[in-house]
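[1] Provided below are the primary sequence and the corresponding predicted coordinates.
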Amino acid sequence: DAGVTQSPTHLIKTRGQHVTLRCSPISGHKSVSWYQQVLGQGPQFIFQYYEKEERGRGNFPDRFSARQFPNYSSELNVNALLLGDSALYLCASSPGPRTYNEQFFGPGTRLTVL
Amino acid sequence: DAKTTQPPSMDCAEGRAANLPCNHSTISGNEYVYWYRQIHSQGPQYIIHGLKNNETNEMASLIITEDRKSSTLILPHATLRDTAVYYCIVRVDSNYQLIWGAGTKLIIKP
């Protein structure tokens, strides 16, 4: 079975641009969460979607948005990119909204903002 | 606030048991202890979790003290592939999300 997949793997953008990151969860998983991981720190929660509805939002500005599609895949959008948005963006899927021990992470998208 | 304290780094010899400590002195009675690890350039991977009893699975053992203020993750026979950052997590925020600290960088040496 395929694990969580994310695309693209790497991305380079300039300040002010916008970016769309994509995530496909494990088959049968209905929850997708997005995390930002800055170098040397643990993942920081951005959003969770379960059954296509937003279930949680972390302390991130409105420039960050996300959505989940009927097939449970998800997109994370970031507008007006700043240098500080450079990070590894992780997607995690799980069967339910609070199954912390069954949270599976993708390999991440490395975003560099110049 | 991650609510856990872990040493920033540790070394362990290959083939020996790796014991990773975690302090969580303000843990609440209904909060679980979760351990994840992150191998370089990969997403985090779930290892084990527990509430108050010791737990063991195919990857590791988790020993939680009786007062639940600290725990130890044990990798019984460490291999080079166990080199990773290990995260001990106990807190769930208002979004019901785990709050991650900086973790312990475990280096397994030949």
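    The structure has been received and is ready for your questions.
[2] rest of the way, CA atoms for contacts and neighbours
    Noted.
[3] What parts of chain A come near chain B?
    Within chain A, the residues that sit near chain B (C-alpha under 8 Å from any C-alpha of the partner chain) are A:40-45, A:55-58, A:90, A:98, A:100-108.
[4] Where do the strands of chain B begin and end?
    For chain B, the strands defined by DSSP state E cover B:9-13, B:18-23, B:33-38, B:45-50, B:55-56, B:61-64, B:70-75, B:84-89, B:104-109.
[5] ranges for the helices of chain A?
    Counting by DSSP state H, chain A forms no helices at all.
[6] For the most centrally placed residue in it, give the beta-bridge partners.
    What sits nearest the mean C-alpha location of chain A, by C-alpha atoms, centre = their mean, is residue A:34, with 3.0 Å. Going by DSSP bridges, residue A:34 is paired in beta bridges with residue A:47, residue A:91.
[7] is it true that it touches residue A:54?
    No. Under the criterion of C-alpha atoms under 8 Å, residue A:34 is not in contact with residue A:54, lying 11.4 Å apart.
[8] Now list whatever residues contact both of the two.
    Overlap of the contact sets of residue A:34 and residue A:54 (by C-alpha atoms under 8 Å, 6 or more residues apart in numbering or on different chains) consists of A:47, A:48.
[9] So what touches stretch B:43-58?
    Residues from elsewhere that reach stretch B:43-58 (C-alpha under 8 Å, 6+ apart): A:90, A:101-108, B:30-38, B:59-66, B:68.
[10] Report the buried members of these.
    Burial by neighbour count, 16 or more other C-alpha atoms under 10 Å in any protein chain shown: within the contacts of stretch B:43-58 this picks out A:90, A:101-108, B:32-38, B:60-64, B:68.
[11] Number of residues surrounding residue 19?
    Picking chain A for this. By other C-alpha atoms under 10 Å in any protein chain shown, 17 other residues sit near residue A:19.
[12] You answered for a different chain; I wanted chain B.
    Residue B:19 sits with 20 neighbouring residues when counted by other C-alpha under 10 Å.
[13] Tell me the predicted confidence for the closest residue in space to it that isn't next to it in sequence.
    Sequence neighbours aside, residue B:74 is the residue nearest to residue B:19 in space, at 4.7 Å (criterion: C-alpha to C-alpha, 6 or more residues apart in numbering or on different chains). Note for residue B:74: predicted pLDDT of 98.
[14] Surely residue B:74 touches residue B:16?
    No. Taking contacts as C-alpha under 8 Å, residue B:74 lies outside contact range of residue B:16: 10.3 Å.
[15] quick one: which of the two has more around it?
    residue B:74 (18 against 13).
[16] what's the spacing between that one and residue B:54?
    11 Å (C-alpha to C-alpha, to the nearest Å).
[17] Overlap in contacts, those two.
    B:61, B:62, B:63.
[18] Report the buried residues of stretch A:82-99.
    Here stretch A:82-99 shows A:82, A:85-97 as buried, counting by 16+ other C-alpha under 10 Å.
[19] if we take those, which one ends up nearest to chain B?
    Here the nearest of the buried residues of stretch A:82-99 to chain B, counting by C-alpha to the nearest C-alpha, is residue A:90; it sits at 6.8 Å.
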